[in-house]
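1. A structural model of the following input is requested.
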Amino acid sequence: MSGGGCSVRAIWILTPHDTVAFSRRFAVVEKRWRVAWEAEGKGKGAEMPLPEDYEVVAAFANRRRREGTARGSGIRTSVSSVGSDSWVDDPIARHIISLQIDKEEGCGFMLWPVVLQKRGGYYVLVLPLVDPQSFRAFESLLKRHDCGSSAKENGNLSSILLNLPCITGAFMVANVIGDIITGDVAEPEVIVSSGPSVGGLLDSLTGSIGISARPKPITAPVAAQVASVSSPVGAAQSDSLKGGIRPFDKDLLRNFIIGAMPFGTPQDLNYGNVTSVRTTGFSADPLPTDQKQPAWKPYLYKGRQRTLFSSLETINAALYDRDDVPDFLSVSGQVTCRAELEGLPDVSLPLTGLKAARVEVSSFHHCVQASEPSGDKQSLIFQPPIGNFVLMHYQAPCNNDPPVKGFYQLSMVSENEGAFLFKLRLMEAYKSPFLMEFCTVTMPFPRRRVASYDGNPSVGMVSMTEHSIEWRIVSSGRGLSGRSIEATFSGTVRFHSKTTQRVNSLFQSVSTTAYTEDSDCEQDNTKNSSNLDDYLMEKMNKDLPAVDLEEPLSWHAYNYAKVSFKIVGGTLSGLIIDPRSVTIYPSVKAPVEYSMQASSGDYILWNTLGKCPTAALPKES
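-> Have a look, this model is predicted:
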């Protein structure tokens, strides 16, 4: 992932408390900025140097006051002033902003384009290098009275940005920096078995009693180090948590910038690649003259060779248990890969059973060359990048019975008491090696506070929170394999007395929350006509009728139960990769491992005694 012709003049990370948490300037790029202006016959570049940190903080705070929020609406209103970002009347100005730098001598200047992203409570500001012509074009927009987002205009902001590939690169830089400061840099998960499978009778016997070599996720060696960034450590971090933000490892970020964008020009923004290069270095073996190294593999792997494939599926379901409403099940999946292979080998992977499983492939990794599907087969050839990557995404129906099926009923017997009943069957028709690691059913009550419950399930344990009841049917560590079970749970739930609420108060709460998130609690919560979000919300609320929540099942708040589970050892779509059919050229002795895992997404049991949303399907002709 390259920067796309981007060079960065400076990076700032600001806190909501008007302080700079991190900054980095690139002198080489700044020199190019000055040379470009001198080539234009003007020394204006020297008059617009990179500001000091305190000047950036002051300019950002001033923009927040001028635009109404930290990011601004980007839309011109009656109070927009000439020279403001909202004056250009383009929503992109929420993310590509300008900062007015005021100098003590009275001669200020403007920074543009500053790419803005908010991550983890911080504001990430990236200032890319642009040519003087684009800068002057934006300056003229700030003074024009007729500029807008009309498609007929050639000089609007969007048309200027389309000619600046550095904007895309700056967004990529801001995004990866945001991932690092929030600790969200983990690679796609690849599952590997903890021990080799001997197959046959032993697997059947161990699977039937719940003993199985359970797969474990494998990630890049840097994952544990990154995870520690976001974990609370020490008193200093606790103080920052009270302020709503978590501190990040500045040395980690500094080392990444040095490796990913030397001298301010991004070379490779993949965190795993950059960290691996710093850890293991580049391969000493030169490439053959007839091979070209692809962009997605910036260095070559050296070490023990193996290839890992994983099928990770998520099943979404809506189970109604009604004759007039059909159940809905769908599976979305991905095949992830980790190919630890030396050199630049080609990996060939035939996919079979696509037609029988009714699999629809939605996308492939850019390193994949896929043949046209021929009947029930399709071949994939790819040169794998370093680390974990998603080989393909796909959609399919669930070709097996639902892993959890049955019904859920809830009826309110009084204002503050309801009677419920579950009757479920788990893993019916699922034989070994399928293994259900855990299964939990949750009854949510978001608008009522649970006082107590009565009832004992036929299997599992029950716990209660303020707004839900949780039934753990299969606990972690006690998997279910080789057999099915029936689980029932009946009882009553009692709620605390409720007070009448009005929908207007809820909308006001949502409006206040949205405003607070956008302005970081640093402005008075007053009516500001320059804030478009508040203006629209206020207008919407004027004509809304008052609705109270006297009806216990109003807004369908208690009409469903949610099921969560994880199954390993097989796929629900029926798409399976045969490791023996994977070939590597040039041929090497590298074992190929394959594992499968399925988990629940939105797996809903709708209350058969209440209302439920359904979709009308077209009739087959």
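2. low-confidence ranges in the protein?
-> By pLDDT under 70, the low-scoring segments of the chain are 1-4, 42-46, 105-106, 146-155, 193-244, 280-290, 498-558, 615-621.
3. What helix or strand is the residue most central in space within it located in?
-> Closest to where the C-alpha atoms of the chain average out (Cα atoms, centre = their mean) is residue 184, at 8.9 Å. Counting by DSSP states H and E, no helix or strand carries residue 184.
4. got a list of what it touches?
-> residue 178 (Cβ atoms under 8 Å, 6 or more residues apart in numbering). (Glycine included, C-beta is placed from N, CA and C.)
5. can you give me phi and psi for the residue lying closest to residue 465 once chain neighbours are set aside?
-> In this structure, residue 465 finds its nearest non-sequential neighbour in residue 450, 7.2 Å apart by Cβ to Cβ, 6 or more residues apart in numbering. Note on residue 450: its backbone torsions stand at phi -80, psi 130 [degrees, to the nearest 10].
6. give me the number of residues near residue 561?
-> The number of residues packed around residue 561, counting by other Cβ atoms under 10 Å, is 25.
7. which SS state does it fall under?
-> strand (DSSP: H, G, I helix; E, B strand; the rest coil).
8. Tell me what it is bridged to.
-> Following DSSP bridges, residue 561 is listed with bridge partners residue 605.
9. and if you look at residue 346?
-> With DSSP bridges as the rule, residue 346 is bridged to residue 585.
10. mind checking how far it is from residue 588?
-> Going from residue 346 to residue 588 by Cβ to Cβ, to the nearest Å gives 11 Å.
11. ranges for the helices of the stretch 401-550 of the chain?
-> Under the criterion DSSP state H, counting those that start in this stretch, the stretch 401-550 of the chain contains helices at 503-519, 532-542.
12. Which helix or which strand is home to residue 251?
-> Assessed by DSSP H and E, residue 251 sits inside helix 250-260.
13. Moving C-terminal from that helix, which element do we reach first?
-> helix 271-280.
14. Parallel or antiparallel, which strands does the next helix or strand after that following helix pair with?
-> Next along the chain after helix 271-280, taking DSSP H and E as the criterion, comes strand 306-319. If you go by DSSP bridges, strand 306-319 pairs up with strand 328-340 (antiparallel), strand 592-606 (parallel).
15. got the CA positions of the last one in CSV?
-> Taking Å, rounded to 0.1, in the frame of the first residue of the first chain, the C-alpha atoms of strand 592-606 are listed here in CSV:
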residue,chain,number,x,y,z
VAL,A,592,-0.4,-26.8,3.8
GLU,A,593,-2.8,-26.5,6.7
TYR,A,594,-6.5,-25.7,6.6
SER,A,595,-9.0,-24.8,9.3
MET,A,596,-12.6,-23.8,9.4
GLN,A,597,-14.6,-21.6,11.9
ALA,A,598,-18.1,-20.2,11.9
SER,A,599,-19.6,-17.7,14.3
SER,A,600,-22.9,-16.0,14.8
GLY,A,601,-23.6,-12.5,13.5
ASP,A,602,-27.1,-11.1,14.0
TYR,A,603,-28.7,-14.4,15.0
ILE,A,604,-32.2,-13.5,16.2
LEU,A,605,-35.0,-15.5,17.7
TRP,A,606,-38.1,-13.4,17.2
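16. Tell me the buried residues in that strand?
-> For strand 592-606, the neighbour count (16 or more other Cβ atoms under 10 Å) marks 592-600, 603-606 as buried.
17. circling back to that earlier point, just tell me which of the strands paired with strand 306-319 ends up closest to residue 158.
-> Nearest to residue 158 among those is strand 328-340 (33.3 Å), distances taken as Cβ to Cβ.
18. Can I get that closest one in CSV, CA atoms only?
-> Taking C-alpha atoms only, strand 328-340 is exported to CSV below (Å, rounded to 0.1, in the frame of the first residue of the first chain):
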residue,chain,number,x,y,z
PHE,A,328,-34.0,-16.3,6.9
LEU,A,329,-30.4,-17.6,7.0
SER,A,330,-27.4,-16.3,5.1
VAL,A,331,-23.7,-16.9,5.4
SER,A,332,-20.9,-14.4,4.7
GLY,A,333,-17.4,-15.7,4.7
GLN,A,334,-13.8,-15.1,3.8
VAL,A,335,-10.8,-17.3,3.1
THR,A,336,-7.7,-15.9,4.9
CYS,A,337,-4.2,-17.0,4.1
ARG,A,338,-0.7,-16.8,5.5
ALA,A,339,2.0,-18.1,3.1
GLU,A,340,5.4,-18.2,4.7
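19. What is the neighbour count of residue 79?
-> 12.
20. Just the element for it, please.
-> In the assignment (DSSP H and E), residue 79 maps to no helix and no strand.
21. any idea how far it is from residue 63?
-> For residue 79 relative to residue 63 (Cβ to Cβ), the value is 15 Å.
22. ditto for residue 115
-> Per Cβ to Cβ, residue 115 is found 14 Å from residue 63.
23. What of residue 88?
-> To residue 63, residue 88 is 14 Å away according to Cβ to Cβ.
24. those strands in the stretch 401-550 of the chain, which residues are they?
-> Remark: strands assigned in the stretch 401-550 of the chain by DSSP state E, counting those that start in this stretch are 404-414, 417-426, 435-444, 450-454, 461-464, 468-474, 480-481, 485-495.
25. List the strands paired with the fifth one, with their directions.
-> When you say that, I think you mean strand 461-464. Note on strand 461-464: by DSSP bridges, its sheet partners are strand 468-474 (antiparallel).
26. what's the answer for the second one, then?
-> Sheet partners assigned to strand 417-426 using DSSP bridges are listed as strand 404-414 (antiparallel), strand 485-495 (antiparallel).
27. so which of those strands gets nearest residue 576?
-> Taking the strands paired with strand 417-426 one by one with Cβ to Cβ, strand 404-414 is closest: 22.0 Å.
28. buried sites along the closest one?
-> Those would be 404, 405, 406, 407, 408, 409, 410, 412, for strand 404-414 by 16+ other Cβ under 10 Å.
29. Residue 322: what secondary structure?
-> coil.
30. now swap in residue 70 and tell me
-> coil.
31. Please report phi then psi for it.
-> Phi and psi for residue 70, reported as degrees, to the nearest 10, are phi -60, psi -40.
32. ok, back up a step: the residue nearest to residue 465: neighbouring residues, count only.
-> Every residue meeting other Cβ under 10 Å relative to residue 450 is counted, giving 17.
33. and if you look at residue 188?
-> 17.
34. now do residue 143
-> 10.
35. which one is it nearest to, not counting chain neighbours?
-> residue 82 (6.1 Å).
36. How about residue 404?
-> residue 563 is the one closest to residue 404 (Cβ to Cβ, 6+ apart), at 5.1 Å.
37. from what I can see the one you found touches residue 438, true?
-> No - with contacts defined as Cβ atoms under 8 Å, residue 563 does not count as touching residue 438, sitting 11.0 Å away.
38. more crowded one of the two?
-> Under the criterion of other Cβ under 10 Å, the comparison of residue 563 against residue 438 puts residue 563 first, with 26 against 18.
39. With that, I have no additional questions.
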